[in-house]
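[1] structure of the sequence below:
(chains A and B, ligands or ions: 2)
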Amino acid sequence: MAEGQALRFTFSDRVLVGRAGDTVASALIANGIRSWRRTRRGGRPRGIYCGIGTCFDCLVDIGEEVAVRACLRPLQEGDRVAPSGSVGPAGP
Amino acid sequence: MTPPLSVDVAVIGGGPAGMAAASAATGLGCRVGLVDSYPLLGGQVHRQAWRRLGAGQDPVAGLPRRFRGLGADPGVRLHLGSSVWHARQVTGGFELLLTTGESVHAGAVVLATGAVELVLPFPGWDLPGAMTPGAAQALLKGQGRLAGRRVVVAGSGPFLLPVAAGLVRAGATVVAVAEASRLRPGVLGRPGVWRGLSSSPAKLAEGAGYLSALLRRRVPLLAGWAVTACRGRSQVEEVRLSRLAPDWAGWDRERWVRADTCCVGYGFVPSMELARALGCGERPRRGLPGSAVVVGPDQSTSTGGVFAAGEVCGISGAAAAELEGLLAGRAAACWVGKRGGRPGPPTASVRRRLARQRSFAVALEQLGRIGAGWTAWLEDETPVCRCEETTWAKVRQAVGAGARDLRGVRGLTRAGMGYCQGRVCGPALALAVAGLAGRGLAEVGDLATRSIAWPVPLGTIAHSAGPG
Ligand SMILES: Cc1cc2nc3c(=O)[nH]c(=O)nc-3n(C[C@H](O)[C@H](O)[C@H](O)COP(=O)(O)OP(=O)(O)OC[C@H]3O[C@@H](n4cnc5c(N)ncnc54)[C@H](O)[C@@H]3O)c2cc1C
Ligand code: FES
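    Ligands and ions are numbered 1, 2, ... in the order given. This next block holds a predicted model:
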């Protein structure tokens, strides 16, 4: 597979490099990071599980945006990614 | 709220079923709106590499040739990266509300929303590195990234083979492929099984291709074995493979293997939210949790003007999905009064091919059944609901305290009340509660009634009329 252009992003102040075509989740995984938040109740580590937007395990905050599904979000140059604060499920 | 866009036929889902429906309807002169949550067309099976995303890139370039016309068709408006979060009947047709804040008004609707994976919990299944086979497949096809280096692929169904073959081809070590079902003596003699399997030599050849890729790399292929646990400090480090008893209620041999990833899935469950919102008739699935949309020979549902195609009508594979899409697109065009334009293959021959694909799927389904005793591998502390971290002990207590169905269990334990709204745990919970309460799957119900089909920013709801 042809390589996409390199994209620089940060995860909790670490500077990392992904590439065009990555999701935020795949870029984290490619950098050896397999979990990026903890659950509200048990404090258990979570990363990718379903890979297609169904499970919400992969939530991250990106810049000002909270609770973004990392497996669906195309990585962009300069993304500031942080563990999802896991505010209670306001959602559906 | 933005004024509604008006089309003759709205197609929800851009997999093989939705793409075929959109092509057929536009071919008959309809204005078509095609909506998909992903930024590129293709759905699960024809998932394109996302490096194609971006300015000036064509959203169809990585698709099989027969679908590429959709990109430049003036009769098709693509709403990509956009999900339908609610659908309702209005005067003169249907209104779809999109997560982008747009709404689409359509004379007819084709539901082609596909399926999600069916998963069964096991101790350690919430450790990072434990995921569904589809997650590994999506990472590989969409992003060209490996989910892990040493991978166990397990569960049940034909989907495990392309996932494992894809991983080894891309350079991962597949430690084992474990299929939980075992070919029981006599199953090939059941009515329809042999005929169904032999009706689709192309599919058997495809399966043989994956098998030979795996055997060439000496990947152990185990039948009658399952992943019954995994463990590790902060991620998967070891996976337990167990040789199951016939009804899966225990095992006589086990082996811990070193792996950083385990991909476990037991097939698929139709994505029913929108079908239910539109009142389409449903049928239970034999021995499997979840339901499927009932369709007539032209893919019409019980709701006039709503057609359904692909996995939402039952799990019959990508080829069937595409044939159903073709029929649904034609019928939807006919419903809105469009009959002229490009003729396609004759309907009778499409139906013949579809019947063959379906009989293959029915035969496969008979080869693998979920063993009633699978809950034997759960431990008291195993989380059954990943979102709310409801443990197996809590679920048992709830049934012990009198909960008779999924809603009752949800009320007592919060299982299915988190972010995913029971999309992940609902089907397994249905099997488990049916077993505990000694009731049928249809009696324990499901958690698929959601007035919001797809998560949506609250601002979007506030600005639209909302799901009344
Ligand atoms: C994760 C996963 C991976 C799979 N990989 C393969 C594979 O590699 N090979 C294979 O043969 N089969 C695979 N399958 C099985 C697959 O479902 C079928 O083979 C085939 O893709 C079914 O076609 P379809 O058109 O019915 O559904 P799909 O291809 O699933 O397409 C459905 C589409 O609908 C969209 N959608 C759903 N709800 C909404 C909504 N509310 N708003 C907007 N869009 C919506 C989805 O984004 C999706 O693109 C996979 C299934 C899953 C769940
Ligand atoms: S991994 Fe399931 S939603 Fe992202």
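
[2] use CA for all of it now, contacts and neighbours both
    OK.

[3] poorly predicted segments of chain A, please.
    Across chain A, the ranges flagged by pLDDT under 70 are A:1-3, A:86-92.

[4] and it, which residues reach ligand 1?
    Proximity of chain A to ligand 1 is confined to A:I52 under the rule Cα under 6 Å from any ligand atom.

[5] quick check, central residue of chain A?
    A:A70 (3.7 Å; Cα atoms, centre = their mean).

[6] tell me which stretches of chain A form strands.
    A:6-11, A:14-19, A:37-38, A:45-46, A:59-62, A:65-69, A:80-83 (DSSP state E).

[7] and for the stretch 301-450 of chain B?
    Under the criterion DSSP state E, counting those that start in this stretch, strands of the stretch 301-450 of chain B are mapped to B:306-308, B:383-385, B:390-391.

[8] quick revisit: isn't the residue nearest to the centre of chain A up against A:T54?
    No - counting by Cα atoms under 8 Å, A:A70 stays clear of A:T54, with 11.5 Å between them.

[9] overlap in contacts, these two.
    Common neighbours of A:A70 and A:T54, counting by Cα atoms under 8 Å, 6 or more residues apart in numbering or on different chains, are absent.

[10] what about B:G92, neighbour count?
    10 (other Cα atoms under 10 Å in any protein chain shown).

[11] gap between the residue of chain A found nearest ligand 1 and A:R73?
    Using Cα to the nearest ligand atom, the closest approach of chain A to ligand 1 is made by A:I52 at 6.0 Å. In this structure, A:I52 and A:R73 are 11 Å apart, going by Cα to Cα, to the nearest Å.

[12] between the two, which one's more packed in?
    A:I52 (22 against 18).

[13] next, the contact list for the more buried one, please.
    A:C71, A:L72, B:G134, B:A135, B:A138.

[14] do that again at 6 Å, thanks
    Residues in contact with A:I52 (Cα atoms under 6 Å, 6 or more residues apart in numbering or on different chains): none are found.

[15] likewise the one 10 residues further on?
    Shown in contact with A:I62 (Cα under 6 Å, 6+ apart): A:R80, A:V81.

[16] that one and A:S12, how far apart?
    In terms of Cα to Cα, A:I62 sits 10 Å off from A:S12.

[17] do B:S156 as well
    B:S156 is 38 Å from A:S12, by Cα to Cα.

[18] with neighbour numbers in mind, choose between those two.
    B:S156 (28 against 10).

[19] that one reaches B:R182, doesn't it?
    No - counting by Cα atoms under 6 Å, B:S156 does not reach B:R182; the two are 9.9 Å apart.

[20] with adjacent residues omitted, what lies nearest to the residue in chain A that chain B sits nearest to?
    For chain A and chain B, the shortest gap (Cα to the nearest Cα) falls at A:G21, measuring 3.6 Å. Excluding its sequence neighbours, the residue lying closest to A:G21 (Cα to Cα, 6 or more residues apart in numbering or on different chains) is B:R51, at 3.6 Å.

[21] check for me that that neighbour belongs to a strand.
    No - going by DSSP: H, G, I helix; E, B strand; the rest coil, the assignment for B:R51 is helix, not a strand.

[22] burial of it, as a residue count?
    21.

[23] any idea how far A:A27 is from it?
    13 Å.

[24] repeat that for B:L118.
    26 Å.

[25] equivalent analysis for B:E379, please.
    34 Å.

[26] domain map for chain B?
    Per automatic domain parsing, the structural domains of chain B span B:5-116+B:269-344, B:119-266, B:378-444.

[27] off-centre distance for the second one?
    Centre-to-centre, domain B:119-266 and its host chain are 17 Å apart (Cα atoms, centre = their mean, to the nearest Å).

[28] please apply the same query to the last one.
    Computed by Cα atoms, centre = their mean, the chain-centroid distance of domain B:378-444 equals 21 Å.

[29] how about the longest one?
    Put simply, domain B:5-116+B:269-344 sits 15 Å off its chain's centre (Cα atoms, centre = their mean).

[30] does that domain reach ligand 2?
    No - judged by Cα under 6 Å from any ligand atom, domain B:5-116+B:269-344 makes no contact with ligand 2; its nearest approach is 10.7 Å.

[31] could you work out the end-to-end span of that domain for me?
    28 Å.

[32] does ligand 1 have contacts with it?
    Yes - counting by Cα under 6 Å from any ligand atom, ligand 1 is contacted by domain B:5-116+B:269-344 at B:12-18, B:35-38, B:43-45, B:83-85, B:112-116, B:310-311, B:317-318, B:321.
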